[in-house]
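Participant: here's a sequence, model it:
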Amino acid sequence: MSHTVITTTTSRAPGSESGLNTGYTRTMPGLLQAGQMLALLIAFLCVHCARGWISWAAFQYFEVVTLWFLIALLIFFLMHLFRLQGKMPCINWPLTEFFHYSVGTVLIFIASIVAAVKSGGVSALVAGSVFGFIATFLMAVSLWTTYSVSCGQTGAAM
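Facilitator: Next up is the predicted model:
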């Protein structure tokens, strides 16, 4: 009688024992989130450090919106980086990110339009609104990719 022994081995990437998902930063969603955070940070800093605001309320709104979504994106990025979604399975994370991107795209787009209209030729305010539009575009791309994940067809074609 002959016996067959099958041995399987698994290998982990360096650094994966700590629970840190460093590979996420090299994926398309990770790069999009990093680009969004960078564009929102630059937009916030351009407006925050600018002098000569013509419309104080408009730029305060722009600052609040950009900072709020920058913090939210940082939280989502850290959750992906530390794989925290698996530790909280009661929340539908793809759907949560989809709603975040849909609301963020609209609000940042509105804030960027208002900032562009009210900039009055101040170059720092114009630059802030341009980076707001860049962040809007990147969030729209993320919205499209999370839509295909959270709302795409899961069954066979009818």
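Participant: neighbours of W68, just the number please.
Facilitator: As a burial measure, W68 scores 14 neighbours (other Cβ atoms under 10 Å). To be clear about C-beta, it is placed using only N, CA and C from the backbone, and glycine gets the same treatment.
Participant: what segments of the protein are helices?
Facilitator: Secondary structure of the chain by DSSP state H: the helices cover 28-49, 56-81, 93-117, 123-150.
Participant: K87 is nearest to which of these?
Facilitator: Among these, the nearest to K87 by Cβ to Cβ is helix 56-81 (9.3 Å).
Participant: any idea how far V65 is from T145?
Facilitator: Noted for T145: a distance of 22 Å to V65, by Cβ to Cβ, to the nearest Å.
Participant: now distance to G19 and mean pLDDT too, for the helices of the chain, in CSV please.
Facilitator: What follows is these, written out as CSV (distance: least, Cβ to Cβ, whole Å; pLDDT from 0 to 100):
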stretch, distance to G19, mean pLDDT
helix 28-49, 16, 96
helix 56-81, 10, 94
helix 93-117, 17, 94
helix 123-150, 23, 91
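Participant: so for stretch 77-85, what gets flagged as buried?
Facilitator: For stretch 77-85, a neighbour-count test (16 or more other Cβ atoms under 10 Å) marks 77, 79-81, 85 as buried.
Participant: which one of those residues sits closest to G121?
Facilitator: Among the buried residues of stretch 77-85, F77 lies closest to G121 (Cβ to Cβ), at 34.9 Å.
Participant: alright, calling it a day.
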